[in-house]
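Visitor: from the sequence below, what's the structure:
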Amino acid sequence: MKKLLAIIALTALSFNAAAHGPSPQKVEKTIVIKAAPAKVWAVVKDFGNIHAWHPAIASTKLEKKGDETFRTLTLKDGGTIYEKLRTADDADMKLRYEIVDGVAPVADYNAFMQVTAGPGAGESTVTWVGRFYRTYKLNPPIPAGQDDETAVKFITGVFDSGLANLKKVIENSK
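Guide: As a prediction, this is how the structure comes out:
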């Protein structure tokens, strides 16, 4: 009888472990830019001008709905991403936003970019952190392109290319 109960318990635990759904994912990237934090923050906080420094974005359309601010990013490959500004805090130099809809292979995406003093005089550190889930919220089998690996790879690419070009744009604008 004890053996039977142990088998039932193990089976239930295995079923519950497989039935939890997707796990939260996180990507965090940091870069040092040779420019004062105030200068870098002025570029980062301009929610309607990300196309000026992100190489994947062709244009940005800003819109207000009551007290809320949204932007539609048109990507160079033709897709769009619709985002909502959550906060732009000048004191902490921190911009928070979320994806509402679009072609990004993520769900429940929330992110922030923060500018802090860099390691050297006249330098800034920019940190970009995104938290999200894969698009497929059910248990396996997971359709191709809707898995954790695809979601993490996409966001990592967005952050890496964006931060590298942000650095280039700001450092070349002296």
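Visitor: when you work out contacts or count neighbours from here on, use the C-alpha atoms and nothing else.
Guide: OK.
Visitor: quick one, strands of this structure?
Guide: Using DSSP state E, the strands of the chain run over residues 25-33, 57-65, 68-75, 80-89, 94-102, 106-117, 124-134.
Visitor: G157: which of the ones you listed is closest?
Guide: Of all these, strand 25-33 sits nearest to G157, with 10.2 Å by CA to CA.
Visitor: so which residue is dead centre in this structure?
Guide: Residue closest to the average C-alpha location in the chain (CA atoms, centre = their mean): G130, at 3.5 Å.
Visitor: contacts only, for that residue.
Guide: If you count contacts by CA atoms under 8 Å, 6 or more residues apart in numbering, G130 has them with 26-28, 109-112, 155.
Visitor: which non-adjacent residue is nearest it?
Guide: Distance criterion CA to CA, 6 or more residues apart in numbering; nearest residue to G130, sequence neighbours excluded, is A111 at 4.1 Å.
Visitor: find the nearest non-adjacent residue to L75, please.
Guide: I57 (4.4 Å).
Visitor: pLDDT score for that neighbour?
Guide: Listed pLDDT for I57 reads 98.
Visitor: cool, and P37?
Guide: 98.
Visitor: mind listing what the residue lying closest to it once chain neighbours are set aside touches?
Guide: Closest residue to P37 apart from its sequence neighbours, by CA to CA, 6+ apart: S124 at 5.0 Å. When contacts are counted by CA under 8 Å, 6+ apart, S124 touches 32-37, 40, 115-118.
Visitor: now swap in Q146 and tell me
Guide: For Q146, the contact set (CA under 8 Å, 6+ apart) comprises 105-106, 134-136.
Visitor: does G118 touch V32 like I think?
Guide: Yes - between G118 and V32 there is a contact under CA atoms under 8 Å: 6.3 Å.
Visitor: who touches both of the two?
Guide: 124-125.
Visitor: list the buried ones in stretch 98-110?
Guide: Buried residues in stretch 98-110, counted by 16 or more other CA atoms under 10 Å: 98-102, 104-107, 109-110.
Visitor: next: stretch 160-174.
Guide: The neighbour-count check on stretch 160-174 (16+ other CA under 10 Å) flags 160, 162-167, 170 as buried.
Visitor: then stretch 44-56?
Guide: Result for stretch 44-56 [16+ other CA under 10 Å]: buried residues 44-45, 47-56.
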